[in-house]
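> need a structure here:
(chains A and B)
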Amino acid sequence: MVNEPRREPAQQPWAVREPAPSAGVVAVAASPAVSPSPPAAFPPPPAAFPQPSATLPPQVTAFPPPLPFPQPATFPSPATFPPSATGLPRSSTTGDLKESPPLTRPRQDRMLGGVSVGIAGHLRVPVVWVRVLFCLLSLLSGIGVLAYALLWIFVPQGDSPVAKPRPASPTERRQAFGVAAIGAALAILGYAFGFGQTIGWLIGPLGLAAVGGAFIWREADDARREKWRRSAAGFVRPTSGTFWRIAGGAILVIGGLGVFALGQLDFTAASGAIVAVALTLVGVAIIAIPWWVRLVRDLSTERRELVVQQERAEIAAHLHDSVLQTLALIQRQAADPREVLRLSRSQERELRSWLYGPAGYASNTEAPGATGTLAAALAIAAGEVEDTYAIKLTPVVVGDTPMDPGMGALVAAAREAMVNAAKHAGTDEISLYAEVEESAVTVFVRDRGAGFDVAQVGADRRGLAESIRGRMDRHHGRATVRSTPGEGTEVELEMPIMGSSAGSSYPAAAGGSRPPAPDQQ
Amino acid sequence: MTEPVTVFLVDDHALFRAGVKAELAGLNDERIQIVGEAGSVGEAVVRITAERPKVVLLDVHMPDGGGRAVLERVHAKLPEAVFLALSVSDAAEDVINVIRAGARGYVTKTISGPELADAIVRVAGGDAVFSPRLAGFVLDAFSDRPGAAPLVDPELDMLSPREREVLRLLARGYAYKEIASQLFISIKTVETHVSSVLRKTQMSNRYELSRWATDRRLV
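Down below sits the predicted model:
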């Protein structure tokens, strides 16, 4: 703990999940013992705080300090969190932090709040050491108890699977500044009073109340916190307004108390009432702010969990509707290899398009749907042929273009060519390749099957003549068939892009958001 | 025949590893010898550096960083290992990702046993292996779209007409031998072209490639 500040200084003023606060607590707590009131470097904070220690660990019975305010500065107050205020070196690296487990309060193995276990795990030292250290420090006018209490309050509970420790958010930092401002105000006040003995009797009960509040909140179980959160949900939404509220409140407190102190009001005449009111307000603020910090943090955790849950449910639903059903079907049809092949290919295609497709699960949401483009139409046609004839068909499409009558004819012709290959080639694999160029689209359908002699095909063969050549001709396209008996067949289809200027043939590129990978099925 | 190509298998699905092993063993192909397998990134890095295989068959999608993590970490220790990505993923970003990280080829898991064996032998010999799909992706990324940014390095950022031609034939499902006879060049020349395309894919500054990667949060 002694070396702590050097090893793990606070990176953020309010780095509550880092060990810095603990370092700050101890380091600061120790310093006043040496120089009791150094207001410049470390304004002695108000007395409202020393008492937190009192209510916490049961072993601390020596709650009332020997003197009214023997250690006014023992309360590190939020003002200690900015490293500059405590004089902690800021120079350490975050590398250490990444390697040790985050500082949290585990729920297992704990005696009280789990603070010691958490610190021990974080620093990788035996937990006994930490406990002994706390006990020893507690003997020093309860410093250890105070440190423990503060850590209890500010170190988040562990074991949350979703909430990963993260650096303090801007919101938390703002809240930290708010707390720091209040602490500073109190410090000024306390200094102005010269630690007048008079307020001692006020502080005791107030401090007790404040710490009691924090303690109750801290102890609140998840279930109870849940309820509180709901009731307070509207209140804790962090907005930029909260910053101004904090700042405004802090200014009022500082201003009011400053006037009070500087006005040289007769303390006895003003009576304890004003002081009591002011300090009560401050106490309330101090209770409320950590609570609020926690609420905000818990809420964001909850939101994250909700998102994860919804996503999980969506995936489960999809898998159930598709993959599980298909697997059941496959088991029933196990005797029919062709049907099994067909089912599994069709399911694979469906799952792929869900996972990787343009409108699919893994794609950017802003990607336009694939409907109405050549790539999508070819993928659908290929899927149908694959299903119907139980062959393997891998479409590869480069570029994309919107559908028009010419493209419709091209897709129909390509489909026919695929059907021909599936029916006659006697192979189980067909390649489909389409390339969209500036002025034309070229499609190749290729198989490595039986092949035939092109010259021998009679003009009356309707499939080739009408469905492919005729279709292409009517839209100013062109169809070429190359085939060698024994080596397979390739049908090449070329269709000009109607009225295409240079730019319009690549809507995908022009659109910008859709990646140029149109051959997703 | 020279000594067999040693192959290491990385895939987080044990079932799939077993399947590939059985299939390759069933070929009785003496060119190939499987020397090990691993199911996670960490295990793969350790065991590959120990076994020093010639070729690593690498799954793209794995926990802890996937194939790319294995590639980068092994490459630092064992630069001579050759990676062939073998994945069920069709997503363009996956394919381009592993290729740009240094894989010598990419084949999908639906590839047949003999084709896989050929691909392994080919990458071991220093060639690149492009499936039709990968060829399509590369063509797509290198296509001369209107509006593309001006080329930074014309040498790297453009495919030569011949390379484009070879890629097209690859995408059309042609084997190297068929490409060679179609273009009246030797198989060796086809291999040279494919390797050159691979090099350009890995090193190109081309705007399309980087934008593609950025869009998909790869960089």
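> Now the residue of the stretch 401-521 of chain A found nearest chain B. Nearest residue, chain neighbours left out?
Residue nearest to chain B within the stretch 401-521 of chain A: A:S431 (2.9 Å; C-beta to the nearest C-beta). Using the backbone N, CA and C atoms, a C-beta is placed for each residue, glycine as well. The shortest distance from A:S431 to any non-neighbouring residue, by C-beta to C-beta, 6 or more residues apart in numbering or on different chains, is to B:G173 (2.9 Å).
> how close does the one you found sit to A:A377?
20 Å (C-beta to C-beta, to the nearest Å).
> now B:G126
For B:G126, the distance to A:A377 - C-beta to C-beta - is 40 Å.
> So which elements touch the helix or strand hosting B:V197?
Counting by DSSP states H and E, the element that carries B:V197 is helix B:187-203. Under the contact definition 3 or more C-beta pairs under 8 Å, 6 or more residues apart in numbering or on different chains; DSSP states H and E, helix B:187-203 sits against helix B:92-101, strand B:129-130, helix B:132-142, helix B:154-157, helix B:161-171, helix B:176-183.
> Next, the angle helix B:187-203 makes with the third one.
If I follow you right, that is helix B:132-142. Using axes from the mean of the first three to the mean of the last three C-alpha atoms, to 10 degrees, the direction of helix B:132-142 lies 50 degrees away from that of helix B:187-203.
> Helix B:132-142: how far from the chain's middle?
How far helix B:132-142 lies from its chain's middle: 12 Å, per C-alpha atoms, centre = their mean, to the nearest Å.
> list the buried ones in that helix?
Residues of helix B:132-142 classed as buried: B:132-142 (neighbour count, 16 or more other C-beta atoms under 10 Å in any protein chain shown).
> I'd like those residues written out as CSV, with pLDDT added.
Output for those, formatted as CSV (pLDDT from 0 to 100):
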residue, pLDDT
B:P132, 83
B:R133, 80
B:L134, 81
B:A135, 83
B:G136, 82
B:F137, 80
B:V138, 81
B:L139, 81
B:D140, 77
B:A141, 74
B:F142, 74
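> near chain A too, which of those residues?
B:132-133, B:135-137, B:139-141 (C-beta under 8 Å from any C-beta of the partner chain).
> Go through those residues and name the one nearest chain A.
Ranked by distance to chain A (C-beta to the nearest C-beta), these are led by B:G136 at 3.7 Å.
> The closest one against A:Y433, yeah?
Yes. If you go by C-beta atoms under 8 Å, B:G136 and A:Y433 touch, sitting 7.1 Å apart.
> shared neighbours, the two?
Both B:G136 and A:Y433 are in contact with A:396-398, B:171, where contact means C-beta atoms under 8 Å, 6 or more residues apart in numbering or on different chains.
> Report the two members of those separated by the largest distance.
Maximum pairwise distance in the shared contacts of B:G136 and A:Y433, criterion C-beta to C-beta, is 9.3 Å, between A:V397 and B:A171.
> joint contacts of those two?
Joint contacts of A:V397 and B:A171 (C-beta under 8 Å, 6+ apart) are A:433, A:435, B:136.
> ok, and the closest non-adjacent residue to the last one?
Looking back up the chat, that one is B:G136. A:V396 (3.7 Å).
> is it true that the one you found lies in a strand?
Yes. Under DSSP: H, G, I helix; E, B strand; the rest coil, A:V396 falls within a strand.
> Just confirm it contacts A:I430, I think it does.
No. Look at A:V396 against A:I430 with C-beta under 8 Å: they stay out of range, at 11.8 Å.
> out of these two, which sits in the busier spot?
Counted by other C-beta atoms under 10 Å in any protein chain shown, A:V396 and A:I430 do not tie: A:I430 has more neighbours, with 29 against 26.
> name the helices or strands packed onto the helix or strand harbouring that one?
Using DSSP H and E, A:I430 sits in strand A:429-436. Where contact means 3+ C-beta pairs under 8 Å, 6+ apart, strand A:429-436 is packed against helix A:374-389, strand A:392-398, helix A:405-424, strand A:440-447, helix B:132-142, helix B:161-171.
> Compare those and say which comes out lowest on pLDDT.
Lowest mean pLDDT within the helices and strands packed on strand A:429-436: helix B:132-142, a mean of 80.
> which secondary structure elements does that helix contact?
Helix B:132-142 packs on strand A:392-398, strand A:429-436, helix B:92-101, strand B:105-108, helix B:161-171, helix B:187-203, helix B:207-215, going by 3+ C-beta pairs under 8 Å, 6+ apart.
> what angle do that helix and strand A:440-447 make?
The directions of helix B:132-142 and strand A:440-447 differ by 170 degrees, with the same axes, to 10 degrees as the criterion.
> And the average pLDDT for the strand holding A:I430 is what?
Strand A:429-436 comes out at a mean pLDDT of 88.
> That strand: partners in the sheet, and parallel or antiparallel?
strand A:392-398 (parallel), strand A:440-447 (antiparallel) (DSSP bridges).
> Output it as CSV, nothing but the C-alphas.
Extracted C-alpha coordinates of strand A:429-436, given in CSV (Å, rounded to 0.1, in the frame of the first residue of the first chain):
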residue,chain,number,x,y,z
GLU,A,429,-21.0,-28.8,-59.6
ILE,A,430,-21.7,-25.8,-61.7
SER,A,431,-19.9,-22.5,-61.7
LEU,A,432,-21.7,-19.2,-62.2
TYR,A,433,-19.7,-16.1,-62.8
ALA,A,434,-21.1,-12.7,-63.6
GLU,A,435,-19.2,-9.5,-64.1
VAL,A,436,-20.8,-6.1,-64.4
